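**Q** Build the 3D model from these lines:
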Amino acid sequence: MSDLKIEKLGGLAGFGLPASRLKSVGRVDTEQLTEGDQAAVEALFVTGNSAHAPLSPDEFRYRITRETAGGAHTIEVPESAVPAALAASVTDEIQ
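**A** Numbers count the residues shown, from 1 in each chain. The predicted structure is shown next:
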């Protein structure tokens with residue numbers, strides 16, 4: 001695995017959307033995750049965006065990006081699918 005970039009998007013405040021001044025981002029070294037969290041992250045990338053039901057605009061979703069030999073691989077998943085260790089890495093910033 002590799003380092004992950006995590007972005008929290010959506011919600012009532014529109015975190016991370018183009019017009020938003022609020023950005024919620026984090027980074028995680030996958031080697032620091034538990035084996036269970038590593039397996040959960042890998043499963044998210046295997047199933048990708050298609051395994052999760054569409055969200056309403058007010059629900060949070062997470063954009064997770066990792067670098068691979070073939071380049072950057074990005075998925076967006078609902079908050080409920082994100083391991084707690086990834087969600088905890090995210091901090092809010094005002095732009």
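**Q** Select the longest helix from the protein.
**A** Criterion DSSP state H: the longest helix present in the chain is helix 35-47.
**Q** and Ser56, how many neighbours does it have?
**A** Number of residues near Ser56 (other C-beta atoms under 10 Å) recorded here: 6. Quick note: C-beta positions are derived from backbone N, CA and C, even for glycine.
**Q** That one belongs to a helix?
**A** No. Counting by DSSP: H, G, I helix; E, B strand; the rest coil, Ser56 falls outside a helix, being coil.
**Q** From Gly10, how far off is it?
**A** 9 Å (C-beta to C-beta, to the nearest Å).
**Q** go on, His73?
**A** According to C-beta to C-beta, His73 and Gly10 sit 21 Å apart.
**Q** I'd say Ala85 and Val28 touch.
**A** Yes. At 6.7 Å, Ala85 counts as touching Val28 under the criterion of C-beta atoms under 8 Å.
**Q** So which of the two has more stuff around it?
**A** Using other C-beta under 10 Å as the criterion, Ala85 and Val28 rank with Val28 on top: 23 against 19.
**Q** partners of the more buried one in the sheet?
**A** On the basis of DSSP bridges, Val28 is bridged to Leu4.
**Q** Let me see the contact set for it.
**A** Going by C-beta atoms under 8 Å, 6 or more residues apart in numbering, Val28 touches 3-4, 6, 85-86, 89.
**Q** Can you turn the buried subset of those residues into a selection I can paste into PyMOL?
**A** Entered in PyMOL, the line below selects the buried ones among the contacts of Val28, by 16 or more other C-beta atoms under 10 Å:
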select buried, resi 4+6+85+86+89
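**Q** Closest to Arg66 out of the contacts of Val28?
**A** Of all those, Arg66 sits closest to Leu4, with 5.2 Å by C-beta to C-beta.
**Q** So the closest one sits against Gln32, correct?
**A** No. Shown here, Leu4 and Gln32 do not form a contact pair, counting by C-beta under 8 Å, at 10.5 Å.
**Q** residues in contact with the helix or strand of the chain at the bottom of the mean pLDDT ranking?
**A** Lowest by mean pLDDT, DSSP states H and E among the helices and strands of the chain is strand 91-94, with a mean of 86. The contact list for strand 91-94 (C-beta under 8 Å, 6+ apart) reads 15, 21-26.
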